[in-house]
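Q: Whatever this is, show me its structure:
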Amino acid sequence: MSEVSSLQQAREAAGLSVEQISSLTSIRTAVIKDLEFNSVNLSGGIAYARGHIRTIARVLNAKTGKAVIIDADLLVKEIEAVQNLDNRTMMQQLAENNVLEVPKERVRIKFSTLATASISILSIGFVAQIAINNVSATNTVVTPKPVAVKAPAVEANTTTVTLPDGVNLVLTGVNGRSWVGLTNANGEQVFDGQIMAGQIQSFSDPQVLKAIIGNAGAVSIKVNGKDLGVVGSDGQVVRLDFDANKLL
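A: Got it, this is the predicted structure:
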């Protein structure tokens with residue numbers, strides 16, 4: 001007989017059936033049963049499973065009151081452990097669940113390689129220039145030419161200030177914790193991690209910042225100085241693209 005999951009134990013402790021949970025949360029009964037077997041196949045992947053579990057936990061806590069407190073974080077950790085996600089980054093998990101395209105790997109060139117190539121090119125050019133100058137000096141009689149001296153131009157006293165273009169994004173944790181993945185216009189990873197309550201993270205890019213936010217109700221967003229507030233509910237996964245015009 002298979003071991004009963006913590007999610008199923010919590011539901012039974014609250015005295016609710018799968019059908020009742022489904023009616024209260026609008027989550028299909030098949031998905032709930034699948035989650036109680038610590039499976040994420042029917043929920044669409046671990047990213048969506050987290051949101052479903054947190055929603056179910058809120059309903060269970062509302063039913064039990066203070067008699068039994070259901071810890072949503074512990075329920076999420078149990079199902080994550082079964083999926084063996086410890087060795088994968090948040091961006092890789094999102095990509096696996098078809099929420100995000102896999103970031104393209106950047107080709108990095110070592111500084112020593114660039115320096116060696118630059119020195120070689122400069123050396124070849126320097127030797128060639130010396131050879132050309134020697135040939136010219138041998139075959140050409142140099143005749144001095146008068147040099148015209150121009151009066152220095154008077155610079156105008158006007159100053160032009162150009163503000164940098166791009167997108168500036170500020171994320172502030174307001175409740176619990178949220179996991180966030182950011183990529184730029186080329187699909188390169190900018191950030192992959194969690195933002196806790198009270199924590200502030202700032203990011204900028206000349207063109208575009210693409211955000212995947214899990215537990216969207218736990219983080220507030222400000223882009224290019226405009227406060228967008230909280231852009232989703234607790235447990236919800238939200239995908240947003242930002243540019244210089246704030247939101248694509």
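
Q: Sketch out the low-pLDDT regions of the chain for me.
A: 1-2, 66-67, 84-164, 246-248 (pLDDT under 70).

Q: how about the strands in it?
A: With DSSP state E, the ranges of strands along the chain come out as 167-173, 177-184, 189-196, 200-205, 209-213, 219-223, 226-230, 238-242.

Q: Just list what the last one packs against, helices and strands only.
A: Using 3 or more C-beta pairs under 8 Å, 6 or more residues apart in numbering; DSSP states H and E as the contact criterion, the secondary-structure elements in contact with strand 238-242 are strand 209-213. Where you see a C-beta, it was placed from the backbone N, CA and C, and this is true even at glycine.

Q: quick one: buried residues of the strand it packs on?
A: 209-213 (16 or more other C-beta atoms under 10 Å).

Q: ok, now stretch 12-32?
A: 14, 16, 18, 21-22, 24, 27, 31-32.

Q: same question, stretch 228-238
A: 230-232, 234-238.

Q: What distance do you get for the closest residue to Val208 other than its chain neighbours to Leu74?
A: Once flanking residues are discounted, Val208 sits nearest to Ala185: 4.2 Å by C-beta to C-beta, 6 or more residues apart in numbering. Using C-beta to C-beta, to the nearest Å, we find Ala185 at a distance of 39 Å from Leu74.

Q: next one: Arg28
A: Distance from Arg28 to Leu74, by C-beta to C-beta: 24 Å.

Q: Assess the claim that Val59 and Thr25 are in contact.
A: Yes - here Val59 lies in contact with Thr25, judged by C-beta atoms under 8 Å, at a distance of 5.7 Å.

Q: mind giving me a markdown table with the strands of the chain and columns for distance to Thr64?
A: Output for the strands of the chain, formatted as a markdown table (distance: least, C-beta to C-beta, whole Å):
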| stretch | distance to Thr64 |
| --- | --- |
| strand 167-173 | 27 |
| strand 177-184 | 23 |
| strand 189-196 | 27 |
| strand 200-205 | 35 |
| strand 209-213 | 29 |
| strand 219-223 | 28 |
| strand 226-230 | 27 |
| strand 238-242 | 29 |
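
Q: so which of these gets nearest Ala49?
A: strand 177-184 (13.2 Å; C-beta to C-beta).

Q: Just name whatever secondary elements that closest one is in contact with.
A: Partner elements for strand 177-184 (3+ C-beta pairs under 8 Å, 6+ apart): helix 90-96, strand 189-196, strand 200-205, strand 209-213.

Q: Show me which of those has the highest average neighbour count.
A: Of all the helices and strands packed on strand 177-184, strand 209-213 carries the top mean neighbour count, a mean of 23, counting by mean count of other C-beta atoms under 10 Å.

Q: So what touches that one?
A: 94, 99-100, 167, 169, 178-185, 190, 203, 219, 231-232, 237-243 (C-beta atoms under 8 Å, 6 or more residues apart in numbering).

Q: Now list the buried members of those.
A: 94, 99-100, 167, 169, 178-184, 190, 203, 219, 231-232, 237-238, 240, 242-243.

Q: Mind jotting down where the helices sit in the chain?
A: For the chain, the helices defined by DSSP state H cover 6-13, 18-25, 29-36, 46-64, 72-83, 90-96, 111-139.

Q: hey, C-alpha coordinates of the fifth one in PDB?
A: Included here for helix 72-83 are C-alpha records, laid out as PDB according to Å, rounded to 0.1, in the frame of the first residue of the first chain:
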ATOM      1  CA  ALA A  72       1.500  25.400   2.400                       C
ATOM      2  CA  ASP A  73       5.300  25.700   2.100                       C
ATOM      3  CA  LEU A  74       5.800  22.200   3.600                       C
ATOM      4  CA  LEU A  75       3.300  20.700   1.200                       C
ATOM      5  CA  VAL A  76       5.100  22.300  -1.700                       C
ATOM      6  CA  LYS A  77       8.500  21.100  -0.500                       C
ATOM      7  CA  GLU A  78       7.200  17.500  -0.300                       C
ATOM      8  CA  ILE A  79       6.000  17.400  -3.900                       C
ATOM      9  CA  GLU A  80       9.100  19.200  -5.100                       C
ATOM     10  CA  ALA A  81      11.300  16.600  -3.400                       C
ATOM     11  CA  VAL A  82       9.400  13.800  -5.200                       C
ATOM     12  CA  GLN A  83      10.000  15.600  -8.600                       C
END
